[in-house]
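# here's a sequence, model it:
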Amino acid sequence: MLSELQDFLGRLNGIEVAADVRDFLVTDPDAIRRLEGPDARTSDEKLLLREAEGALEISLFLAPALLDRLDESNPLELLDHDNLADFCLALEGISHFNYLLWNASAGRSVTRLELEMQAEVDKYVSARVLANQADGCQFDGRLFGLLFDDPRFDSALSAEELHRYEHACRYASWYCRSLEIRFAAGLPEAAMLQELRQFFRLPQPDKLSHIHSAAFV
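The predicted structure is shown next:
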């Protein structure tokens, strides 16, 4: 399913990532603690990065219980209220993985804010597509509100991390609200896909400028 999610997200953004996310998957929390140290924040999803001798080492941690729940309730078959949170968590990790590797292959650096903003947009768009391709939308026009109206952040976040997550969520909500206004509900048509693919390729300063232009015109 993770490979299917990666391909699904790649098609939406019009990219190809040569690496299969499953080859970089870690599911052992003890292994993550050994890599990060005993004081690391506990999370069901983490992207771990390290630069070593000019190479980028990367691992994606997804908790075994999270993967078990997604296997039992596959969001690619039916996305609903019961599996939305788990879907978003797994998709966030895959979004980070795709965005980082696509930019790295182009010789471009990325910021943490960029990663988080793109992940929020990817979650909204992916959930919108899956919800609308099912027989009867499960969210009755409430998807945007479920994702953005009352965001909750891990209480263990540092002040710097919380600031970054809050800003990423705020900017992404402005952009996704503009998508709701500009493009009709249902599966994305060519104009919306073109918009999403253009946005994906923008570096952070241009992303922020584009969001302001789209949201406040």
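
# measure how far stretch 178-198 is from the centre of its chain, please.
Its chain's average C-alpha position is 17 Å from that of stretch 178-198, according to CA atoms, centre = their mean, to the nearest Å.

# hmm, I was thinking of stretch 44-53
That offset, for stretch 44-53, works out to 16 Å (CA atoms, centre = their mean).

# what do you get for stretch 52-66?
Mean-position distance between stretch 52-66 and its chain equals 16 Å (CA atoms, centre = their mean).

# what number of residues lie near the residue nearest to Phe200 when sequence neighbours are not counted?
Excluding its sequence neighbours, the residue lying closest to Phe200 (CB to CB, 6 or more residues apart in numbering) is Asn13, at 4.5 Å. In short, each C-beta sits where N, CA and C put it, glycine included. For Asn13, the number of neighbouring residues by other CB atoms under 10 Å comes to 22.

# in this structure Asn13 contacts Asn98, no?
Yes: assessed by CB atoms under 8 Å, Asn13 is found in contact with Asn98 at 7.4 Å.

# in the helix of greatest length in the chain, what counts as buried?
The residue-count maximum for a helix in the chain (DSSP state H) belongs to helix 159-182. Using 16 or more other CB atoms under 10 Å as the test for burial, helix 159-182 gives Arg164, Tyr165, Ala168, Cys169, Tyr171, Ala172, Ser173, Tyr175, Cys176, Ser178, Leu179.

# just the CA coordinates for that helix, please, in PDB.
The C-alpha trace of helix 159-182 is given here as PDB (Å, rounded to 0.1, in the frame of the first residue of the first chain):
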ATOM      1  CA  ALA A 159       8.900  26.400  20.500                       C
ATOM      2  CA  GLU A 160      10.800  26.500  17.200                       C
ATOM      3  CA  GLU A 161       9.100  23.300  16.000                       C
ATOM      4  CA  LEU A 162       5.600  24.500  17.000                       C
ATOM      5  CA  HIS A 163       6.200  27.800  15.200                       C
ATOM      6  CA  ARG A 164       7.100  26.000  12.000                       C
ATOM      7  CA  TYR A 165       4.200  23.600  12.100                       C
ATOM      8  CA  GLU A 166       1.700  26.500  12.900                       C
ATOM      9  CA  HIS A 167       3.000  28.500  10.000                       C
ATOM     10  CA  ALA A 168       3.000  25.500   7.600                       C
ATOM     11  CA  CYS A 169      -0.600  24.700   8.500                       C
ATOM     12  CA  ARG A 170      -1.700  28.300   8.200                       C
ATOM     13  CA  TYR A 171      -0.100  28.900   4.800                       C
ATOM     14  CA  ALA A 172      -1.300  25.500   3.500                       C
ATOM     15  CA  SER A 173      -4.900  26.300   4.700                       C
ATOM     16  CA  TRP A 174      -4.900  29.600   2.800                       C
ATOM     17  CA  TYR A 175      -3.700  27.800  -0.400                       C
ATOM     18  CA  CYS A 176      -6.100  24.900  -0.100                       C
ATOM     19  CA  ARG A 177      -9.000  27.300   0.600                       C
ATOM     20  CA  SER A 178      -8.100  29.000  -2.700                       C
ATOM     21  CA  LEU A 179      -8.300  25.600  -4.400                       C
ATOM     22  CA  GLU A 180     -11.700  25.100  -3.000                       C
ATOM     23  CA  ILE A 181     -12.900  28.400  -4.300                       C
ATOM     24  CA  ARG A 182     -11.200  28.200  -7.700                       C
END
